[in-house]
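Peer 1: dropping a prediction and its sequence here:
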Amino acid sequence: MPRPPNVTPEVAAMPGAIFSKLQARIQSHPGPLFPLHVGDTWLDPVEGARMEDLTLSTQPRLHHYVSPQGEPALIEALVEKLRAKNGLAVEPSAVLVTAGATGALASALGAILSPGEEVVILSPFWPLIRGIVQAFRGRPVELPFYDRVGSAAEAVAALKAVVGPRTAALYISSPSNPTGRVLPPSWIEAIAAFARSQDLWLLSDETYEDYVFRGEQVSAARFAPERTLTAFSFSKAYGMAGNRVGVLVGPPTVVAQARKVSTHTFYAAPTSGQRAALIALTRGEAWVREAKALYQAVGDRAAAALRLPPPEGSTFLFLDLRPFLDDRGVSGFMEDALDDGVLLAPGESCGVDYAGWARLCFTSAPPGQVDEAVARLSRRLGYT
């Protein structure tokens, strides 16, 4: 039992500096920096949904608590969106507004995971999911997937190889952070059927649902609604990462339990963030359409310059640097890239099997800056 100054072994084992171990060098870098290591956008939200637009005259009780479930008007608008766009026959009791998709996934895992149980995480994965599982005393089981599996049958076979008696849930992400893969509907249907056959929960991270450039995005809950917990995010959909508003959707009885977790951790998503989210949801369709076109254009240019397939979705490219590494490993390459002003996220934060890789976000700076950063990276790789 941990006593001062010790902490629990589960928390001690969690990763700390997720995105960069080069903070001191970053702060002292003399030239321009291109922050392609952070999953964000250079765009501001749609007009009307920015913090400067919210006033007490139009948004009464802006600084007060809201319901732990979420603003009723936002819940109602989300139900309409989930029915029309995602094809989910949900009621308000199936929806929980959270502190970002991070809060959604944390609340879900807090509700369904017992100490020592396992969560199979398709990798490479969003860097925070591994630590969230550990925070709730679970054991993450990383399954190399997005660059290894070529069919629905192979996907199920890969899952069968790692699922055991302690497995409680599967975590999937489509469009994928960091690979940009969009899982075909037939794959998601097969994974959902497998989860049902093994009596497992299915955690579906659909944060980047609005940014599908190739292929078709389909919500996993369409195939196994009784066991699927889905995370959505206003952060990525509408350029509102700092507002901390996400959504958890699932069976009402489980969402009610997840709400206990959210209430006892962050209580509720920020009131101002939820008000802005409602405005974005009702007025932001054109903004998303324009952002998607901009994202796809810069992502395709970056992929071509780095000799990668164009991204199918999300806002990332995942680079295999192993052919370019010396005895310093990927950390040495990232130091060299930093000399060029280019910041990347280490692949090991996305899975232990990807220590020789790096993640690049092509929306975290304006397109011209991303083009320049990618050109510098391409020269560093010897492509130009």
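Peer 2: Structure's in. What do you need?

Peer 1: could I get the average pLDDT for the longest helix belonging to the chain?
Peer 2: Using DSSP state H to define each element, the chain has its longest helix at helix 285-305. Average pLDDT, helix 285-305: 98.

Peer 1: give the buried residues for stretch 334-352.
Peer 2: Neighbour-count burial for stretch 334-352 flags 334, 337-338, 340-351 (criterion: 16 or more other Cβ atoms under 10 Å). Just so you know, the C-beta spots here come from the backbone N, C-alpha and C atoms, and that holds for glycine as well.

Peer 1: by contact count, what packs against the longest helix of the chain?
Peer 2: Where contact means 3 or more Cβ pairs under 8 Å, 6 or more residues apart in numbering; DSSP states H and E, helix 285-305 is packed against strand 316-320, helix 367-380.

Peer 1: output the contacting helices and strands for the last one.
Peer 2: Going back to what we said before, that points to helix 367-380. Using 3+ Cβ pairs under 8 Å, 6+ apart: helix 367-380 touches strand 34-35, helix 285-305, helix 329-339, strand 342-343.

Peer 1: need the ones you listed in TSV with distance to Leu78, can you?
Peer 2: Shown next, in TSV, are the helices and strands packed on helix 367-380 (distance: least, Cβ to Cβ, whole Å):
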stretch	distance to Leu78
strand 34-35	31
helix 285-305	15
helix 329-339	39
strand 342-343	34
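
Peer 1: can you tell which of the ones you listed is closest to Arg137?
Peer 2: Nearest of the helices and strands packed on helix 367-380 to Arg137, taken as Cβ to Cβ: helix 329-339 at 30.3 Å.

Peer 1: what lies in contact with the closest one?
Peer 2: Applying Cβ atoms under 8 Å, 6 or more residues apart in numbering, the set of residues contacting helix 329-339 from outside is 21-22, 25-26, 29, 321, 324-326, 328, 343-344, 346-348, 355-358, 376-377, 380.

Peer 1: same deal with stretch 361-381?
Peer 2: Residues outside stretch 361-381 that contact it (Cβ under 8 Å, 6+ apart): 34-43, 294-295, 297-299, 301-302, 305-306, 311, 315-317, 324, 333, 336-337, 340-342, 344-345, 360, 384.

Peer 1: which stretches of the stretch 1-150 of the chain form helices?
Peer 2: Along the stretch 1-150 of the chain, counting by DSSP state H, counting those that start in this stretch, helices occupy 9-12, 23-28, 72-84, 100-112, 128-135.

Peer 1: great, nothing more from me.
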